[in-house]
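K.L.:
Build the 3D model from these lines:
(chains A, B and C)
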Amino acid sequence: MLASVLFYFGAAVLLVAAVFVISAKSPMRSAMALIVALCAQAFLYVLLDAAFVAAMQVLVYAGAIMVLFTFVIMLLNMQAEHQTQRSLLSFSRLGGGIAIGYFVWRIISSVTHADSKPVDGSVLAIGKLLLSDYLFAFEAISIVLLVAVIGAVVLGLKRLT
Amino acid sequence: MEALVQWIFANVAIPELFQPYVTAAIIGAGAGAIVTFAAIYAGIFIFFERRIGARMMSRVGPNRVGPQGVLQWLADAVKLIIKEDIIPDSADKPLFKLAPYLMAMGVFGGFAVLPFSHRVIGADLNIGLLYILAITSISVVGILMSGWASNSKWALFGGMRSAAQIVSYEIPTAMSLLPTVLLAGTMSTQGIIRAQAGEPWNWYVFHSPMMFILFFVYFISALAEGSRTPFDLPEAESELVSGYNTEYSGFRFAAYFLAEFANTWIAAAVGVIAFLGGWQIPFVSLEVLESATGLQAVGLELASLVVFVLKTLVLVFLIIQLRWTLPRIRVDQMMSLCWKYLVPTVFICTILMLGWMIILPWESMLALGIRVLMFLMGVGLLVAYVVRIRYNIVAAGDKVYAKWAV
Amino acid sequence: MSDIHQALPTQNMELNIGPSHPAMHGTVKVSVELDGETIVKSNTDVGYLHRGFEKMCENVTWAQCMPYTDRLNYVSPLINNFAFCQAVEKLLGVEIPERAKYIRVIAAEISRITDHMTCCAAMGMEVGGFTPFLYMIEGRDYLYDLVERLSGARITVNYARIGGVVHDLPEGFAEDCLATLDKAFKLVDDGDKMLTHNRIFIDRMNGVGKISAADAIAYGITGPFLRSTGVEYDVRKAHPYDVYDRMDFDIPIGDNGDCYDRWLVRLEEMRQSRRILEQALKQIPPGTVLLDNPHFALPEKDQVYTRIEGLMNHFKLVIEGARVNEGEVYSFSEGGNGELGFYIVSDGSGQPYKMRVRSPCFAIMQALDDILLPGAMLSDVVPIFGSINMIGGECDR
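P.N.:
Sure thing, here's the model as predicted:
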């Protein structure tokens, strides 16, 4: 009972914030709404007993990636957009429609095929999974990140030389 | 908190229907108590910071409101509340208003998993340390937001510096806590403290030379994360006026400062939990603590509370002392300190720690011997520190009222 | 691949530091153009404290100029007093009594210490060390107490007179002075210990605001700032005035010409000033402190009240001013920040015909935009500016 009240509350916050992300004119407000949405999502993870995922969500997405987003917005001094570019509008409508359709289909199929089993969301379980079943993916991602770091250093250094 | 709820349900007859609501009410009350503690701590911290700072600078400091000025922080708070809340005309108003609360949320949220004694803790999450790191990273967003929303160049510079600083120093902070997690095998704050039970040389700081170094790395990066001197460059008053909070006034300004001062407790308490044995009373084993009943249990509980608070306050005092001793570092030096010195140090120490843990298991006699040696060295350092402070107080002569210290 | 070698299109940011900013002592505005936190261009704007000192002096008698000089470098007002008197005395061609010379040396050296103490304290504070700032300011206040005993005021001293000083040293001044110096230098040592070997302080100061000796000379920079670049020029040694030729003291010089050298030079100069003070207090001979010359010195009060000659002389001196020979003169002495010069033209009347002050920190401020600031970081503005010891009253006059 209480859990469902909390779930609907979190979900409502998530939806409202998500709508605000795409409807806000100022990029900074949009970024802030995204942070709220990410935090609401973390809250939903907590309700699912996936505390580790929730903490990572806040630490990585809300705390680090969004800081970089806002950094970029501040550095580029982006102002509020007053008119949308007509030529891109039809493409974005099409893309948005496909995305919404896909997600609706996923949600319906996950509700109708209720064969999903509960997963242990503790640090221990996730650690075991990462170092056994998903070891290759885990290492591959680290290499990709390493490449990204080196690329960032190269891009940053070129102005000095 | 969980234990308290279970205890209430076991002892008081509450209908099944209301149990979730009672749980929610208890959690709410607990959260309120924690935030109140954090706010009051921040207030008292301001008083101590000002008085200790005044003594170190051979001034008197606030001594008018209440005996020896102990109520000064209340007067300050009342002043700030009744001040006009000015929002610059060209500011982004909703973001400007929201920013201080995000910052306060990030800091006060951290208190939830901090233990105070053997049984008193908001929530003993199994991701305790990670939760603290995550929730405090929210406050960066608040700082950035205030820097941007103020529409002032000083605030913008302060916000940028602060964000760069906190994002960078999050890495050494988190990495320096990692060996602790490895040693304890858990991220739960209570679990980490439990693993350091018994004699003081079981504290993780004395585990090995690497842990000793990591403690200082943690302390330095925690200072940087809390924007305390020598890393107070986001609000460098001599260059950036006041940094990201330049345009704030009234209670919003107070919210920033409450958050910042409350953060000193988090920085110190996490250091105590991860390295200095938390609430472990020296030479009292965990079994004694767990199995005690009645009056003995209450006494031990109080003792553990006192031990934890004392240890934390010692670190807090160190933070204050550094604030009034050191000059401020420059922004590029701050970055090079983090990336060129602290991060490599942390990585090397972590890798060495892994080897150490394999070669010298916790139970082996050699490891115990090293721990005792490290402990003696730590005591020696502490004694040297105290002797030095006493020397300085004596040298200051009649300027210091603290006769008891001489 | 080719486009990553192209620089990102970025815009510089303009930032106005001052005229009212915590780092700007006095009022001065520095507009800097920033690329990130690095200064590309700067534009210093002085003159916010211009009170027309030179013009004011042309409308009052010679004696009435004296209080105005207090307000030039208000951290070391006694030196300004003496420098002005020295110029007028040079024009008059008079030699002041021996004891007055010693008193001038003593008072000037006390002022020099207060000046350097303020600068060192401010340098500490600019980089965030508030404690050493208060230590040194406390030390400065002890010395101001001394100045107060000497002249009756802490800042607006008005102590010198044409032909000497207004009155003799107070009773027991020598012992007081030495005791106060002990107290003050203990605090200087505290500040020295806290900062000089502090790694953070060295990092903030070393190599910041560097200037070469040739550039410094080209810009007309003098004083501790010039000496920090390695040029051994001190007016007290190069062109001794008063009794500096009888004093045994050294001129500290630096070799990099950066903020850290300026800090060290100033610290050492304070100690040298203390040496001068100790010698001067030992050597000081008895005698009068003011020339008894009716052309510019006011008569004794009992003469004014009882004799018509005294009354008339007093009236003439107060209303018309001292008769100073026709002619022009440039006289200079070592102020807190460097060579403090007075260029005076007299038409023989009781008022200066033209007065011009060569203020040491005005010359240093010129180098700010060309050499000191470009390439520095935003955070370096404060230590650089602090090491100049720009005093609004002196720079803007």
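K.L.:
Let me know the average pLDDT across the lengthiest helix in chain C.
P.N.:
If you go by DSSP state H, chain C has its longest helix at helix C:98-126. Per-residue pLDDT values across helix C:98-126 average out to 89.
K.L.:
before we move on, what about stretch B:295-303?
P.N.:
The predicted model gives stretch B:295-303 an average pLDDT of 83.
K.L.:
who are the neighbours in contact with C:Asn16?
P.N.:
Going by Cβ atoms under 8 Å, 6 or more residues apart in numbering or on different chains, C:Asn16 touches C:Lys29, C:Val30, C:Ser31. Backbone N, C-alpha and C define where each C-beta goes, glycine included.
K.L.:
The first one: neighbouring residues, count only.
P.N.:
Other residues near C:Lys29 come to 17 when the count uses other Cβ atoms under 10 Å in any protein chain shown.
K.L.:
That one and C:Gly47 touch, don't they?
P.N.:
No. Between C:Lys29 and C:Gly47 there is no contact under Cβ atoms under 8 Å: 9.3 Å.
K.L.:
Near chain B, which residues of chain A? Just list them.
P.N.:
A:1-3, A:26, A:28-29, A:32, A:35, A:39, A:51-52, A:55-56, A:58-59, A:62-64, A:66-68, A:70-71, A:73-74, A:122-123 (Cβ under 8 Å from any Cβ of the partner chain).
K.L.:
Show me how to select, in ChimeraX, the buried members of those residues.
P.N.:
Buried subset of those, written as a ChimeraX selection, criterion 16 or more other Cβ atoms under 10 Å in any protein chain shown:
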select /A:26,28,29,32,35,39,51,52,55,56,58,59,62,63,64,66,67,70,71,73,74,123
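K.L.:
The residues of chain A next to chain B in helices, which ones?
P.N.:
Judged by DSSP H, helices contain the following of those: A:2-3, A:28-29, A:32, A:35, A:39, A:51-52, A:55-56, A:66-68, A:70-71, A:73-74, A:123.
K.L.:
before we move on, back to that, which ones among the contacts of C:Asn16 are found in strands?
P.N.:
C:Lys29, C:Val30, C:Ser31 (DSSP state E).
K.L.:
which among those residues gets closest to C:Thr118?
P.N.:
C:Thr118 has its nearest neighbour among these in C:Val30, at 20.3 Å by Cβ to Cβ.
K.L.:
and that closest one, what pLDDT?
P.N.:
Note for C:Val30: predicted pLDDT of 85.
K.L.:
Repeat that for the one 3 residues further on.
P.N.:
What the model reports as pLDDT for C:Glu33 is 87.
K.L.:
so which helix or strand takes in it?
P.N.:
Taking DSSP states H and E as the criterion, C:Glu33 maps to strand C:29-35.
K.L.:
can you tell me which of the ones in strands among the contacts of C:Asn16 lies nearest to A:Val144?
P.N.:
Nearest to A:Val144, judged by Cβ to Cβ, of these is C:Ser31 at 45.3 Å.
K.L.:
my read: the closest one touches C:Glu14, true?
P.N.:
Yes. Counting by Cβ under 8 Å, C:Ser31 touches C:Glu14, with 6.5 Å between them.
K.L.:
Got the phi and psi for C:Ile17?
P.N.:
Main-chain torsions, C:Ile17, degrees, to the nearest 10: phi -100, psi 110.
K.L.:
and if you look at C:Asp234?
P.N.:
Phi and psi for C:Asp234, reported as degrees, to the nearest 10, are phi -140, psi 130.
K.L.:
Count the residues that sit near residue 103.
P.N.:
Chain wasn't specified; assuming chain A. Using other Cβ under 10 Å, A:Phe103 is surrounded by 10 other residues.
K.L.:
Can you look at chain B instead?
P.N.:
Look at B:Met103: counted by other Cβ under 10 Å, it has 28 neighbours.
K.L.:
Equivalent analysis for the one 5 residues further on, please.
P.N.:
Here the number of neighbours of B:Phe108 (other Cβ under 10 Å) works out to 25.
K.L.:
That one against B:Asn263, yeah?
P.N.:
No. Judged on Cβ under 8 Å, B:Phe108 makes no contact with B:Asn263 at a distance of 9.6 Å.
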